[in-house]
Every structure is written in structure tokens, then in C-alpha cells.
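Colleague: for reference, the sequence and a predicted model appear below.
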Amino acid sequence: MSGIRTSGSKRLVLVSGRAHPALAEQIAAELGSDLVPTDSRTFANGEIYARYGESVRGADAFVIQSHSTPINEWLMEQLIMVDALKRASAKRITVVSPFYPYARQDKKGRGREPISARLVADLYKAAGANRIMSVDLHAAQIQGFFDGPLDHLFAMPVLLEHFRSRLNPAALTVVSPDMGRVRVADIWSDKLGAPLAIIHKRRDPLVPNQVSVHEIVGSVEGRVCLLVDDLIDTGRTIVKAAEALKKQGAVGVVVAATHAVFSDPAVQILQSEFIDEVVVTDTLPIPERKRWERLTILPIAPLLARAIHEVFEDGSVTSMFDGAA
């Protein structure tokens, strides 16, 4: 039987949706466990079906699913998998969504708009989830949308470890691509011992994915700039930011982001002359056609596995980050 048993009666069960099976397998390997066999299929009319190949009664179950394209199908699959666990008498169900779906719709910018991130939390609750685990939420307030524990993990330690040995703090400036990321960029600045710069931009609310960069607050001339963000979607925002930095005299621009959404035509846009390297984690699947020479992908599975272990053992997830965020 799959899963880990402790000295008592607790049993850890890992199940995975079909969006990013490689990530789930890596998490299971880190935990020295196996994924529970799952019969998942999509019928001809688009309906999704899921059934587990062994008993999950009384188990501490973790449902791992990444929310890449087609996001609505993968969200529905995860909800159905949670419902199946609930009806199979799992003791506790934790939704593991490294990239929280609809996270950018976290508030009303104008009248008559939805707050879809809250709707997703309600759907998880209605399906039977007791807990949510996610990495680098687009907005911290999403933690309050779910009526239960939400483990907000940070990819910063994974990314920092990569950069510490490669970038010279004396010649480095950490850059926030907008005002919303200043707090995170400030923590990066402290951790790397490098100064902070901020890009002030204005977005047209009527035109999606279009940004006009205005001014840079801070000195970037003659320095290597590390642009930090939570996600890269089409890449237009980050390339315009990199272009502004190079025009202000930056000698190099490196981009660090947790979630590689990479909606078309991101791959072409990100291979810009203004960007020297893009570093992301694999919270989302990145197929070969969306990879290029100056892209570095860091594994997120060890972080997620450690968090799952802490939750299962009733340990402290907060202690993993040593007050980093």
C-alpha cells in the first residue's frame, strides 16, 4: 500500500492530478513515498472522472495539482479528486496548489468585477478541503479567503541559494518591477546585501497585459540588476522593465520569478537582448518548446516535500523560512 506510516495510526497519502505529474513524482521521491494509483480520465463530452486504486480511509491526504493551461480543466480535476477523497473517508485533505489559480483576481479594481480568487477558495472548501498549501501567492490577502489553514510557502530560499554563488553583491541592485512587489524585493535586498531600486509603472485597466514603464527610483547605472517577481505570464512587463534598466545604464539584467506561466508569445519575448538570464522554479510544467538557452529552472519539489512533512508531523511550516517572509 502506498504512503508513509508513522509509529501511530497516521498515514500519509499523496495523489496527483494530470497537469504536472513529474512534480508530484519528485515530491513523493523526496518523502520516500509513492503516489496512490489514480484512474483519472476525461470523457468525450469533457466531463472528468477520478477514482483511487486503494483505500484512503482515515488518511492524511495531499492532492497535488499545478494550474497551467487549460487551467479550468485542471482546477475542476482537483476539485473532483478532493470530493472523491472526502467520500472515501480521508481524515484530512490538503490541496497542494503551488500556483494558486485565479490569484490575480484577488480584488475588485472596477465595479461589476468578480473576486475569483475568493471563489476558488470557496470551491476548495465546498469540495471538502481542510487545508491549502501554495507557493508565493500573488497577493497575501488570499490567505484570508479560505476558512481554514493556508500554508503560504516562499520560493525565495530556493532562488537565493542559486544567486548567492553567482552574483556579486557589491555590483548588484535588486529591482522591484512595480510598487506591489516592493516588500518582497526589500527582503531580497536584505538577504543579498544589495541596494534596492523600484520601477514605477502605469497599467491601462482596459488593455490586458500592456504596461508602460515610467521611471526608476534608485541607482542602477553600471550595476547588474536582479528583477524579482512572483510570476511571468506573457513576459511583456518584465522585458519593458529590463529595457528601462538597460537604458538607465545597467550592465546586466537577471530575472527571478517563482511561477513560469509563459503564455504565448512569452518564450519569444523573453529571449530579448535586454535580459541576460531568466531563473524560475518548476511550480508549473515547462515543456521543451518553452525552454531556451538563457532559462534556468530550479526544482521546487524539495520545498513542497518538506512542507508536506511538517504538516503531516504537526510540525512548523513557518520555521522553514526562518522569518524570511
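Modeller: Looks like it arrived, so ask away. This is a predicted model, so every value here is computed, not measured.
Colleague: C-alpha only now, for contacts and for neighbours.
Modeller: OK.
Colleague: so which residues make contact with stretch 68-76?
Modeller: 17-19, 48, 65-67, 101, 261, 284-285 (C-alpha atoms under 8 Å, 6 or more residues apart in numbering).
Colleague: repeat that with 10 Å
Modeller: Under the criterion C-alpha atoms under 10 Å, 6 or more residues apart in numbering, residues 17-20, 42, 46-48, 65-67, 77-82, 97, 99-102, 120, 123-124, 260-263, 283-286 lie in contact with stretch 68-76.
Colleague: select only the buried ones of those in ChimeraX?
Modeller: Listed next is the ChimeraX selection for buried residues among the contacts of stretch 68-76, using 16 or more other C-alpha atoms under 10 Å:
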select :17,18,19,20,48,65,66,67,77,78,79,80,81,82,97,99,100,101,102,120,123,124,260,261,262,283,284,285,286
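Colleague: among the contacts of stretch 68-76, which are in helices?
Modeller: If you go by DSSP state H, those have 77-82, 120, 123-124 in helices.
Colleague: pull the most distant pair out of those.
Modeller: 81 and 120 (14.9 Å; C-alpha to C-alpha).
Colleague: ok, residue 191 touching residue 159?
Modeller: No. In this structure, residue 191 is not within contact of residue 159 by C-alpha atoms under 10 Å, at 11.4 Å.
Colleague: ok, those two, which is more surrounded?
Modeller: Neighbour count, other C-alpha atoms under 10 Å: between residue 191 and residue 159, residue 159 has more, with 22 against 14.
Colleague: hmm, who's touching the helix or strand hosting residue 159?
Modeller: Residue 159 belongs to helix 156-164 when assigned by DSSP states H and E. Outside helix 156-164, the residues within contact range by C-alpha under 10 Å, 6+ apart are 135-136, 166, 169, 184, 187-188, 191-192, 226, 228, 230, 254, 256-258, 279-281, 296-300, 302-303, 320-322, 324-325.
Colleague: now with 8 Å, please.
Modeller: 188, 192, 256, 279-281, 298, 300, 303, 321.
Colleague: neighbouring strands of the next helix or strand after that helix in the sheet, and parallel or not?
Modeller: Using DSSP H and E, the helix or strand that follows helix 156-164 towards the C-terminus is strand 172-176. Sheet pairing of strand 172-176 (DSSP bridges) gives strand 196-203 (parallel), strand 224-232 (parallel).
Colleague: which of those strands sits closest to residue 141?
Modeller: That would be strand 224-232 among these, by C-alpha to C-alpha, at 14.8 Å.
Colleague: tell me the angle that closest one makes with helix 156-164.
Modeller: Angle, strand 224-232 to helix 156-164, by axes from the mean of the first three to the mean of the last three C-alpha atoms, to 10 degrees: 150 degrees.
Colleague: average pLDDT for the helix holding residue 159?
Modeller: The pLDDT scores in helix 156-164 average 96.
Colleague: just how off-centre is it within its chain?
Modeller: Chain-centre distance of helix 156-164: 15 Å, with C-alpha atoms, centre = their mean, to the nearest Å.
Colleague: stretch 232-244 too?
Modeller: Using C-alpha atoms, centre = their mean, the offset of stretch 232-244 from its chain centre is 18 Å.
Colleague: stretch 69-81 too?
Modeller: On C-alpha atoms, centre = their mean, the centre of stretch 69-81 falls 16 Å from the chain's centre.
Colleague: swap in stretch 231-249?
Modeller: The answer for stretch 231-249 is 20 Å, by C-alpha atoms, centre = their mean.
Colleague: one more: stretch 76-84?
Modeller: On C-alpha atoms, centre = their mean, the centre of stretch 76-84 falls 20 Å from that of its chain.
Colleague: same check on stretch 298-316?
Modeller: Distance, centroid of stretch 298-316 to centroid of chain: 14 Å (C-alpha atoms, centre = their mean).
Colleague: and stretch 55-64, by the same measure?
Modeller: For stretch 55-64, the distance to the chain centre is 23 Å (C-alpha atoms, centre = their mean).
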